[in-house]
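quick one: sequence and predicted model below, then my questions.
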2 protein chains.
Amino acid sequence: MRESQREPDPLQREPDPLQREPDPMIAEILATGDEIRSGALVDTNSAHIALRLEEYGAAVTRHACVGDDMDRLAEIIGEIAGRADLCVVTGGLGPTTDDLSAAAAARAAGADLVLDERALADIQAFFDRRDRPMGPSNRKQAMMPAGARPLYNPVGTAPGFDLLLGRCRFFFLPGVPHEMRRMLDDAVLPAVTRMAGTDRDFIRVRSLSTFGLPESTVGERVALVPERFEGVKLGLRARFPVIQVKLYACGRDAAAIDSRLEEAAAWVRQTLGNRVFSEGEAQMPAVVGELLRKAGATVAAAESCTGGLIANWLTDVPGSSDYFLFSGVTYSNEAKVRVLGVSADTLAECGAVHERTAAEMAEGARRLAGATYAVATTGIAGPAGGTVEKPVGTVCIGLAGPEGTEAHRFQMAFPTRSANKIVFAMTALDRLRLRLLLGARPKGDL
Amino acid sequence: MRESQREPDPLQREPDPLQREPDPMIAEILATGDEIRSGALVDTNSAHIALRLEEYGAAVTRHACVGDDMDRLAEIIGEIAGRADLCVVTGGLGPTTDDLSAAAAARAAGADLVLDERALADIQAFFDRRDRPMGPSNRKQAMMPAGARPLYNPVGTAPGFDLLLGRCRFFFLPGVPHEMRRMLDDAVLPAVTRMAGTDRDFIRVRSLSTFGLPESTVGERVALVPERFEGVKLGLRARFPVIQVKLYACGRDAAAIDSRLEEAAAWVRQTLGNRVFSEGEAQMPAVVGELLRKAGATVAAAESCTGGLIANWLTDVPGSSDYFLFSGVTYSNEAKVRVLGVSADTLAECGAVHERTAAEMAEGARRLAGATYAVATTGIAGPAGGTVEKPVGTVCIGLAGPEGTEAHRFQMAFPTRSANKIVFAMTALDRLRLRLLLGARPKGDL
């Protein structure tokens, strides 16, 4: 049955554009380590690897996890070698005696562990750059099965390696997420493209990130994509509190796919309007930062219920000191008055959680920091502190700028204190984003 | 070889106290569904199940994941049936055509799918209680392999079932986390206890959290635990930037194990001194909060390079409004002067990243907020902004309190901006913790 004749399923997530390929590249993922095996750590690496491998045209069929156990590691590596074309293994490359991946790979391959001089030099250089002595245990990290090729790790001491075992090319990467991600992009994905050859279909993915609508509403609004744009498949991904709309297409003609996806993306942008805050993977603080930079504007914050989260997010973006000046985390009423100049009368009349208080907080932070804009949050993140009139999840958000001041009350219903803080902070940044995009405060605002 | 005769391995992580049990119950976990397989969703169920199964005495050896694919599901169920004593399967019990778990189990068992009247009645009752009509597709959810026993789902429509296949008892549970968790507790864990019999050992774990020493140093200092305390095993777990020392013991006499573990924990506390900041799972902000509460003290912060992270952490703790008053996130020099009252001369002479600046920031925040204590951070989180004299990773931390003001410079070497922010913020909270514990500032400080 052709895609265009099927019932559109708006909530279909992450369709696999390759499942009808004639000869898919079968990929498996193996997470190692007792922390994952015992449940002490949740394995987030495998999901990331699966997404990336499928974007690059592999068909992920299995994930597995085993602990730091030589017999079980060698056994499962042997199984995968007979079943998959490609396998990404994470973890077990550290300097300690329970880091067993290289030894287990050697055992599965029936090969010796040998010292790789290039890997050793890379490890030595890593320590030299940091003026730290290299310990004897780090030398172990340069031991690899004979026949393996080292993979350079630019952000840590553990080099990876790749090795052909049976029909399967194994990529051994560190378990530390940022090291794994970097090496996946640098070494594994280009190899996937090469292994796929040149006669394969092109696969393209476009992602649009939205904030402010429930997943079901986003799904309903974009449900017609597969009907309107032949060959374009639709997926939704929820990454609290962001809902991503993903558009997939594959075919032999890259330019044709790109232009069909661009049409579909344009339609989604029009359908969802300003709820779309970015294309690609850029997150809200970086998007707002970029808008501030383009406007030559600066920002300050006044945070009560978000407790510094807005400032923390903004300052996680490299280079944010160009536009971020100040946040006053004023948890106590006294700090709201003394630091931000909120009027004691306002607090007495309206209380801390009120639009007027939020407006005065924003104006105070803007004045104090000499910033172009300031956002303010005051609300009840829970679990305690709620009342019938202002239950947990109530937040007032103020925004002051050269165009004037606005303040709004929102009522959220999320189950935890940290979920509330996150959604409060996102809402504040989203108001600032809209102001920077639209250039004026909405009519009728405070 | 007896444990006490072995070379102590200080870096052995997460030893499995069950692995030398005469006859451990081997458990595996299988997550099903295309959302997990493709990486659209991170699988948090498997970690939860692993933790709970091990608490109840099973030895989890493998996790696996496959998608909604009949052949692959039946294949892996067959493999596990020949390898494990117990398997928990999640997902694939819904009403749609791609929910295949029951059909795959039937195929692996060579059994027919049959309608279970009790399960059907439960599903009907679920809809009746909610005054909703039961759809025809929900009838499919009562179809189970012949020989399976239904497991009641009190919180959703999908009943589970258990089934003996080969040597392995399979428990099929829904993939929705709160349904899975409820049925795991209600149906699976009691069965694990029954399967294990009543003559099993008790297992006890003690955790001590440390900050400020590298993992290798912690490992060396506590390496003698297994030698000094017979039957106590040692594990280290790194949860950046915290290193946890875990002590395990098992035996038939619970009181004897507890007292041996207490002796070992006391020795570790003495060996590592103030580097141990908590027992159990309490994190630094909660530990500092509890010390502040006990002292009847309040706290403020002045954050430059940590960008609000200290405030965000402190306010993540429920009830923190009792002691946390204010943080001034003063990214710009102007904000340091205008908000915190740092002297322009100090900034001109010493620069923003300097002990004197940190001390004045702490004193300014303390004065402004009227707090008992204030911590201050100013440093270079990177990636840009480093100099030869003050490279990325340099931080000055100030602490002001009734006993006086101290300020220190630290040089860290972590690879990312966010790692630096985290370790800077932890260092600041740790200084405050030590002051609250020791009650005076160290001699010779600024």
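Right, received. Where do you want to start? Residues are numbered from 1 along each chain as shown, chains lettered A, B, ... in the order given.

give the contact list for residue A:324.
Residue A:324 sits next to A:289, A:298-300, A:311, A:314-315, B:307, B:331 when contact means C-beta atoms under 8 Å, 6 or more residues apart in numbering or on different chains. No exception for glycine: its C-beta is placed from N, CA and C like everyone else's.

what pLDDT does the residue nearest to it when sequence neighbours are not counted get?
Of all residues not flanking residue A:324 in the chain, residue A:314 sits nearest, at 4.8 Å (C-beta to C-beta, 6 or more residues apart in numbering or on different chains). Note on residue A:314: pLDDT of 97.

just how off-centre is the strand or helix carrying residue A:314 within its chain?
Using DSSP states H and E, the element containing residue A:314 is helix A:309-316. How far helix A:309-316 lies from its chain's middle: 15 Å, per C-alpha atoms, centre = their mean, to the nearest Å.

surely the residue nearest to residue A:324 meets residue A:286?
No - using C-beta atoms under 8 Å, residue A:314 is not in contact with residue A:286, being 9.2 Å away.

so between those two, which is more surrounded?
residue A:314 (28 against 18; other C-beta atoms under 10 Å in any protein chain shown).

convert stretch A:159-170 to CSV, retaining C-alpha atoms only.
Taking C-alpha atoms only, stretch A:159-170 is exported to CSV below (Å, rounded to 0.1, in the frame of the first residue of the first chain):
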residue,chain,number,x,y,z
PRO,A,159,40.2,6.5,22.9
GLY,A,160,37.7,4.3,21.1
PHE,A,161,38.3,1.7,18.4
ASP,A,162,36.6,0.0,15.6
LEU,A,163,36.9,-3.6,14.7
LEU,A,164,35.4,-6.0,12.2
LEU,A,165,34.1,-9.1,13.9
GLY,A,166,32.2,-11.7,11.8
ARG,A,167,29.9,-9.7,9.4
CYS,A,168,29.7,-6.7,11.9
ARG,A,169,31.8,-3.6,12.2
PHE,A,170,31.9,-2.7,15.9
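
in it, what counts as buried?
Buried residues in stretch A:159-170, counted by 16 or more other C-beta atoms under 10 Å in any protein chain shown: A:159-163, A:165-166, A:168-170.

do stretch A:125-137 as well
Residues of stretch A:125-137 classed as buried by neighbour count (16+ other C-beta under 10 Å): A:126, A:134.

one more: stretch A:266-282?
Neighbour-count burial for stretch A:266-282 flags A:267-268, A:272, A:275-278 (criterion: 16+ other C-beta under 10 Å).

how about the residue nearest to residue A:324, what does it touch?
A:285, A:288-289, A:299, A:301, A:320, A:324, B:307.

and the lowest-mean-pLDDT helix or strand in chain A, what does it pack onto?
Among the helical and strand segments of chain A, the one scoring lowest on mean pLDDT, DSSP states H and E is strand A:233-239, with a mean of 80. Here strand A:233-239 touches helix A:215-221, helix A:225-228, strand A:242-251, going by 3 or more C-beta pairs under 8 Å, 6 or more residues apart in numbering or on different chains; DSSP states H and E.

now these as JSON lines including distance to chain B, mean neighbour count and mean pLDDT?
Listed next are the helices and strands packed on strand A:233-239 as JSON lines, based on distance: least, C-beta to the nearest C-beta, whole Å; neighbours: other C-beta atoms under 10 Å in any protein chain shown; pLDDT from 0 to 100:
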{"stretch": "helix A:215-221", "distance to chain B": "12", "mean neighbour count": "17", "mean pLDDT": "87"}
{"stretch": "helix A:225-228", "distance to chain B": "17", "mean neighbour count": "18", "mean pLDDT": "92"}
{"stretch": "strand A:242-251", "distance to chain B": "9", "mean neighbour count": "21", "mean pLDDT": "86"}
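
and of those, who's closest to residue B:190?
Minimum separation from residue B:190 across the helices and strands packed on strand A:233-239 (C-beta to C-beta) falls at helix A:215-221, 35.4 Å.

show me how far the closest one is from its chain's centre.
Per C-alpha atoms, centre = their mean, the centroid offset for helix A:215-221 relative to its chain is 21 Å.

helices or strands up against it?
Checked by 3+ C-beta pairs under 8 Å, 6+ apart, helix A:215-221 has strand A:233-239, strand A:242-251, helix A:254-272 packed alongside it.

please name the nearest non-neighbouring residue to residue A:62.
Spatial nearest neighbour of residue A:62, chain neighbours left out: residue A:28 (4.7 Å); criterion: C-beta to C-beta, 6+ apart.

buried stuff in stretch A:299-318?
By 16+ other C-beta under 10 Å, the buried positions in stretch A:299-318 come out as A:299-317.

again, but for stretch A:411-426
Using 16+ other C-beta under 10 Å as the burial criterion, the residues of stretch A:411-426 that qualify are A:412, A:414, A:417, A:419-426.

what about chain B: which of the residues you listed touch it?
A:417, A:421 (C-beta under 8 Å from any C-beta of the partner chain).

farthest pair in the buried residues of stretch A:411-426?
Farthest apart among these by C-beta to C-beta are A:417 and A:426. That separation is 15.2 Å.
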